[in-house]
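Next one to model:
(2 chains, ligands or ions: 2)
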Amino acid sequence: MIIFKNVSKIYNDDFHAVDTIDLHIKEGEFIALIGPSGSGKSTTMKMINRLIEATSGTILIHGQDIGDQDPVLLRRNIGYVIQHIGLLPHMTIGKNIALVPNLKKWDKARCDKRVDELLEMVGLPAKEYKNRFPAELSGGQQQRVGVIRALAGDPPIVLMDEPFSALDPISREQLQDELLNLQTKIRKTIVFVTHDIDEAIKLADRIGIMQDGKLIQFDTPEQILRHPVNEFVRTFFGADRMNQVESLPTIEEVMIRPISSFPKRGLAESLIKMRKYKIDSLLVIDRNEIFLGVAGVGEIQKNFSNETMVLEDVMKKEVPTVRLSQQLDDAINLISENQVAFLPVLDESSKLKGLITRASLVDVMASQLRSNNNGVASFGGEGS
Amino acid sequence: MMFNNFLVMLQNRWPEIMIGTWEHIQLTLVALFIGNLIALPLGILLTRKRNLAEAVIGITSVFQTIPSLALLGFMIPFFGIGFGPAIVALSIYALLPILRNTYTGILGVNQAVVDAGTGMGMTSRQVLFMIEIPLALPIIMAGIRTATVMVIGVATLAALVGAGGLGDIIFRGIAMARQDLILAGAIPAALLSMIFDYILKRIEIAVQP
Ligand SMILES: Nc1ncnc2c1ncn2[C@@H]1O[C@H](COP(=O)(O)OP(=O)(O)OP(=O)(O)O)[C@@H](O)[C@H]1O
Ligand SMILES: [Mg+2]
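Ligands and ions are numbered 1, 2, ... in the order given. As a prediction, the model looks like this:
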């Protein structure tokens, strides 16, 4: 869809604002560019609609070199939202939105329809807002108009340069949610420049990290968080955020000692053991500690009258278990997916090693939260 | 008594005053027209070629510092006497305020808005006419107002190069040491100035974005 091949922007003969970037953006993808101030994010973005001309390299859109296209026509098919909103203060909201359709010479009825439809889409009733001037709208409303104005000409590509950075945190969150919502419907190819890592992670399918004009990593948020290419990316993404992932305790730390029994034990004997430990299930293992199944108090009581039955006969064999080598994430998912109260933890040879229960998870999470609140580290402390 | 004399004089000289006023208006309008014709495009051009701006605005300011009387006198060797040389001198006066306000007005337009326009695919001509000029209009209008008031004042001196106008009556009054005659020229000039200023002010408010 959008392809950068060896693209550079050089100022004053030797300052590389953008340095040999290769980038391949897929159709319908939401890309965030992030990096310190002056790292070349805006320059990279503005080369796509030729507000800035690349010094060398080529940029292809739909396989066509944009250098061969009329910049004015090119721009009419690329939506553009800037940080300072850039609504034309002397035109009504309706006229602002209809700007590109008018430039494209759509007929009046079509423009009007489009304006109404877009305003409704972001919850601004057309009747009320269409004839107002930008100054009569709040900052958040103005930026909503800025976003839909970029969509008005139905461009396949939309560029956004820090569109929400001037907003208060609440409006910002709101607009991010709306944008995500909108994107699921319209599926545009979006290039979004931001300073805010939380914003990038929340919105983008893939994030490009820039430093000194270079694109140093371009990947999904998940991959960047898990495998930062270097120290810069690690610290840029915030040490606390990384700790948050790393310091999720291991399964071994969370698991408790299981109360187990053997397959040939009788039911009465087992009930007494359960009462003693105040538990509702027994884990059944063989003499080699190999996990066999779970016997619940329900099954035991149902068959209690049958004196010949042993645990082996009443236990459930098909129960979800987790390996010691798996992540705690996986254990949490298993518990919630299967709606179970606990998970037996097994090692590679299926020996029972421990037990994770909902209660033991809550304990660990709670103590984590407590230490985070007391300590230096905190959640999402970027606050740009 | 004195007031009565004044009224009688007004009555006698009424046709003369009307002619003077009419000539004055003609001088003013033609000079403003020429001034605008040169200064508006030049001001816009300078915003596109900023390296020239300082030099050009500098030169026009120099003209402005020449005393009006001297400037008018200066025209005689080149253009002779009459309406023509007066118009040249007055146009030069009108030039600077309009030029400067056009230039600074357009430069002062919020860059974000201009970027947004360009980024959405406006041609530079569309950016100029749909964004820059409308937004700079109040400042440009203020420049035109300043020029107008100035030209109406300086136009009284145009009588010295034989261009007529209300200056004729005033200078005759000075020569004959007749204050009522001076007033008969000065009052209409002042009124003209106020009326023009008022009209332009209304226009300026009307075009406010
Ligand atoms: N016209 C220019 N001439 C010279 N250098 C420029 C020019 N425009 C931008 N630069 C430089 O290019 C570099 C990249 O600029 P760019 O605007 O792309 O940064 P950015 O990553 O968007 O930063 P920010 O987060 O502050 O917006 C900066 O160091 C900037 O000073
Ligand atoms: Mg930037």
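
where's residue 184, which helix or strand?
I'll assume chain A. helix A:169-186 (DSSP states H and E).

Chain B was what I was after
Residue B:184 belongs to helix B:179-206, assigned by DSSP H and E.

If we go by neighbour counts, what in the helix holding residue A:184 is buried?
Neighbour-count burial for helix A:169-186, counted by 16 or more other CB atoms under 10 Å in any protein chain shown, picks out A:171, A:172, A:174, A:175, A:176, A:178, A:179, A:182, A:183. Bear in mind the C-beta positions are built from the backbone N, C-alpha and C, glycine included.

I'd like these laid out as a markdown table, including pLDDT.
Formatted as a markdown table, those follow (pLDDT from 0 to 100):
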| residue | pLDDT |
| --- | --- |
| A:171 | 84 |
| A:172 | 87 |
| A:174 | 86 |
| A:175 | 88 |
| A:176 | 92 |
| A:178 | 88 |
| A:179 | 91 |
| A:182 | 88 |
| A:183 | 91 |
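
Dump those residues to a markdown table, plus distance to residue A:36.
Formatted as a markdown table, those follow (distance: CB to CB, whole Å):
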| residue | distance to residue A:36 |
| --- | --- |
| A:171 | 25 |
| A:172 | 20 |
| A:174 | 27 |
| A:175 | 24 |
| A:176 | 22 |
| A:178 | 28 |
| A:179 | 24 |
| A:182 | 29 |
| A:183 | 26 |
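
Chain neighbours aside, what residue packs nearest to residue A:260?
residue A:283 (4.5 Å; CB to CB, 6 or more residues apart in numbering or on different chains).

May I ask you to confirm that residue A:349 is in contact with residue A:290?
Yes. Judged on CB atoms under 8 Å, residue A:349 makes contact with residue A:290 at a distance of 7.5 Å.

neighbour-wise, which of the two wins?
residue A:290 (13 against 8; other CB atoms under 10 Å in any protein chain shown).

these two touch, right, residue B:5 and residue B:181?
No. Using CB under 8 Å, residue B:5 makes no contact with residue B:181, being 11.3 Å away.

after the lowest-mean-pLDDT helix or strand in chain A, next one along is what?
Taking mean pLDDT, DSSP states H and E as the measure, chain A has helix A:239-246 as its least confident helix or strand, at a mean of 52. Going down the chain from helix A:239-246, the next helix or strand is helix A:251-254, by DSSP H and E.

where exactly do the strands run in the stretch 201-350 of chain A?
Using DSSP state E, counting those that start in this stretch, the strands of the stretch 201-350 of chain A run over A:206-211, A:214-219, A:260-261, A:281-285, A:291-296, A:322-323, A:342-346.

Same list (those) but as TSV, adding mean pLDDT.
Formatted as TSV, the strands of the stretch 201-350 of chain A follow (pLDDT from 0 to 100):
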stretch	mean pLDDT
strand A:206-211	94
strand A:214-219	94
strand A:260-261	90
strand A:281-285	91
strand A:291-296	91
strand A:322-323	90
strand A:342-346	91
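
so which of those strands gets nearest ligand 1?
For these, the distance to ligand 1 is smallest for strand A:206-211, at 6.4 Å, taking CB to the nearest ligand atom.

Next, residue 32: phi, psi?
Just going to use chain A. Note on residue A:32: backbone dihedrals following degrees, to the nearest 10 are phi -110, psi 140.

swap in residue A:319?
Torsion angles, degrees, to the nearest 10, at residue A:319: phi -120, psi 150.

Pairing-wise in the sheet, spell out the partners of the residue nearest to it when sequence neighbours are not counted.
In space, and not counting its chain neighbours, residue A:319 is closest to residue A:294: 5.0 Å by CB to CB, 6+ apart. Beta bridges link residue A:294 to residue A:283, residue A:316 when assigned by DSSP bridges.

show me what contacts residue A:294?
A:281, A:282, A:283, A:284, A:315, A:316, A:319, A:344 (CB atoms under 8 Å, 6 or more residues apart in numbering or on different chains).

How many residues are close by residue A:332?
Neighbour number of residue A:332 under other CB under 10 Å is 18.

let me redo that: residue A:339
Around residue A:339 there are 7 residues (other CB under 10 Å).

who in chain B is up against chain A?
Counting by CB under 8 Å from any CB of the partner chain, chain B comes close to chain A at B:110, B:112-113, B:115-123, B:126, B:130-131, B:134-135, B:209.

Can you select the buried ones from those in PyMOL?
Command for PyMOL that selects the buried part of the residues of chain B next to chain A, burial taken from 16+ other CB under 10 Å:
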select buried, chain B and resi 113+115+116+117+118+119+120+121+122+126+130+131+134+135
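
From the chain's centroid, how far away is stretch A:287-307?
44 Å (CA atoms, centre = their mean, to the nearest Å).

Same check on stretch A:316-325?
For stretch A:316-325 - counting by CA atoms, centre = their mean - the centre lies 30 Å from the chain centre.

same deal with stretch A:49-57?
31 Å.

what's the answer for stretch A:219-235, then?
Centre to centre, stretch against its chain (CA atoms, centre = their mean), the figure for stretch A:219-235 is 14 Å.

Start and end of that stretch, how far apart?
Stretch A:219-235 has an end-to-end distance of 17 Å (CA to CA, to the nearest Å).

go on, stretch A:346-357?
For stretch A:346-357, the first-to-last residue distance is 14 Å (CA to CA).

Buried residues, that stretch. List them.
Neighbour counts over stretch A:346-357 (16+ other CB under 10 Å) mark A:346, A:350, A:352, A:353, A:354, A:355, A:356, A:357 as buried.

In chain B, what residue spans correspond to helices?
Here chain B has its helices, by DSSP state H, at B:2-48, B:50-65, B:68-79, B:83-107, B:111-119, B:124-126, B:133-155, B:166-175, B:179-206.

pLDDT averaged over stretch B:70-79, what's the number?
Throughout stretch B:70-79, pLDDT has a mean value of 81.
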